[in-house]
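In: requesting a structural model of the entry that follows:
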Amino acid sequence: MRIWDIAVDAVLNRCPRCHQGHVFENNNPYSFKNGLTMNKRCPHCNLKFEREVGYFYGAMYVSYGLQTALITVLYTLNMFWWKMEPMFLVILIISMVFALFTVTFRWSRIIWISSFTKYDKSVTGGQ
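Out: Sure, this is the predicted structure:
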């Protein structure tokens, strides 16, 4: 159940400790104003997201894994189903990586925070 909770929290932009507050200021990752701006603390349970300077360096590895999974899925689909020309496949993969950068950036940070933070029922009132 823990992996499922981490995935749902990442997709829904929720705090891993209380599952209610938002990690990023805006739910829209493509917002030019504040789509990639994180809250300093959870507005609901007051969890500090960036625990120390350089805390999110590990999230780069998570982001790399997410992007590699995306590339692998697109390549596998092409091998067995789409059968595109190689140059068109390269263009598709590069465009998908750029188009989904903000999403994988946010998900990787939330997954990284979730790796070190457990759900706390006492913060949410035992729900």
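In: next, count neighbours for A10.
Out: A10 has 24 neighbouring residues, counting by other C-beta atoms under 10 Å. Glycine gets a C-beta too; all of them are placed from N, C-alpha and C.
In: that one reaches F105, doesn't it?
Out: No - using C-beta atoms under 8 Å, A10 is not in contact with F105; the gap is 11.1 Å.
In: can you tell me the SS state at the closest residue to R106 other than its chain neighbours?
Out: Of all residues not flanking R106 in the chain, P29 sits nearest, at 5.3 Å (C-beta to C-beta, 6 or more residues apart in numbering). On the three-state scheme (DSSP: H, G, I helix; E, B strand; the rest coil), P29 is labelled coil.
In: wait, P29 touches T104, no?
Out: No - using C-beta under 8 Å, P29 makes no contact with T104, being 9.3 Å away.
In: more neighbours, these two?
Out: Set P29 next to T104 and count neighbours by other C-beta under 10 Å: T104 wins out with 22 against 17.
In: contact partners of stretch 110-118?
Out: With C-beta atoms under 8 Å, 6 or more residues apart in numbering as the test, stretch 110-118 has contacts from 5-6, 9-10, 13-14, 16-17, 23, 47, 49, 51, 56, 58-59, 62.
In: can you give me the mean pLDDT across it?
Out: For stretch 110-118, mean pLDDT is 92.
In: buried set for it?
Out: Neighbour counts over stretch 110-118 (16 or more other C-beta atoms under 10 Å) mark I110, I111, W112, I113, S114, T117 as buried.
In: can you tell me the element the fifth one falls in?
Out: If you go by DSSP states H and E, S114 is part of helix 101-116.
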